[in-house]
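A.B. asks: Below is the structure, and that's it, no one-letter string:
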């Protein structure tokens, strides 16, 4: 396998505060990866650097060997932690925006996913609950034919009953050879789908491992591994 994302001695500071500290990570194609850590550990900052929304203080982040920019945005479909969609527009109008903006966006797939989620595309976004707004955003992200899907807390805003359904929707709607990165602190809910995990704590990568190896080492549970590793950092 070849690397699709590489971070080399990556640092990010805000003023005197160090958010990421000498991060070295290689992410291969065709893997489902959990970026796991407590709130405030640097997950979202790392994701924004990969997406080119922030600039490193030092070090490099590379997507297919190049710094993030126009070309990487074409192949990365990104679900941010917070909803950024225009609240006063109908979902139909937002679908049109995505269709105009992304060459790899499939309108029919977006409508199909909304139907599965029981969301009416004629509704204005502001009429929806927080959870349903997040579902709309997820449906739009998964309707792109991307090489990398980066989902920041995709199940954080939905109730526990809906989480398995959302995960099934994600797994059923990205191409097999694509890379899927899921950032979350809800480890128990996603651990069964992961090929690989990256543990991050206070801006440092404390572990990157195959999920199967961790399951064997920690009684079948990545959540157990997380608790043990973080107990010692």
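C.D. replies: Everything's here; your move. All values reported here derive from a predicted model rather than from experimental measurement. Numbers count the residues shown, from 1 in each chain.
A.B. asks: Please report the number of neighbouring residues for residue 71.
C.D. replies: Neighbour count of residue 71, defined by other C-beta atoms under 10 Å: 12. In this view, the C-beta of every residue, glycine as well, is placed from N, C-alpha and C.
A.B. asks: Residues contacting the host helix or strand of it, please?
C.D. replies: Assigned by DSSP states H and E, residue 71 falls within helix 70-75. Applying C-beta atoms under 8 Å, 6 or more residues apart in numbering, the contact partners of helix 70-75 are 51-52, 63-64, 66, 103-104, 146-148.
A.B. asks: Spatially central residue in the chain, please.
C.D. replies: residue 151 (1.9 Å; C-alpha atoms, centre = their mean).
A.B. asks: can you pull the buried residues of stretch 79-88?
C.D. replies: 79-81, 83, 85 (16 or more other C-beta atoms under 10 Å).
A.B. asks: I would like the residues contacting that stretch, please.
C.D. replies: 44, 93-94, 124-126, 130, 133-134, 136-138, 140-141, 149-154, 156.
A.B. asks: From those, keep the buried residues only.
C.D. replies: 44, 94, 125, 133-134, 136-138, 140-141, 149-154, 156.
A.B. asks: what pLDDT, on average, does the helix holding residue 71 get?
C.D. replies: Per-residue pLDDT over helix 70-75 has a mean of 93.
A.B. asks: I'd like the distance from it to the chain centre, please.
C.D. replies: Distance of helix 70-75 from the chain centroid (C-alpha atoms, centre = their mean, to the nearest Å) equals 16 Å.
A.B. asks: That one: which residues count as buried?
C.D. replies: Buried-residue list, helix 70-75, by 16+ other C-beta under 10 Å: 72, 75.
A.B. asks: The helix or strand following it: partners in the sheet, and parallel or antiparallel?
C.D. replies: Sequence order places strand 76-79 as the next helix or strand after helix 70-75, per DSSP H and E. If you go by DSSP bridges, strand 76-79 pairs up with strand 148-152 (parallel).
A.B. asks: just checking, next helix/strand downstream of the strand it pairs with?
C.D. replies: Going down the chain from strand 148-152, the next helix or strand is helix 160-172, by DSSP H and E.
A.B. asks: low-scoring pLDDT stretches of this protein, where are they?
C.D. replies: 1, 233 (pLDDT under 70).
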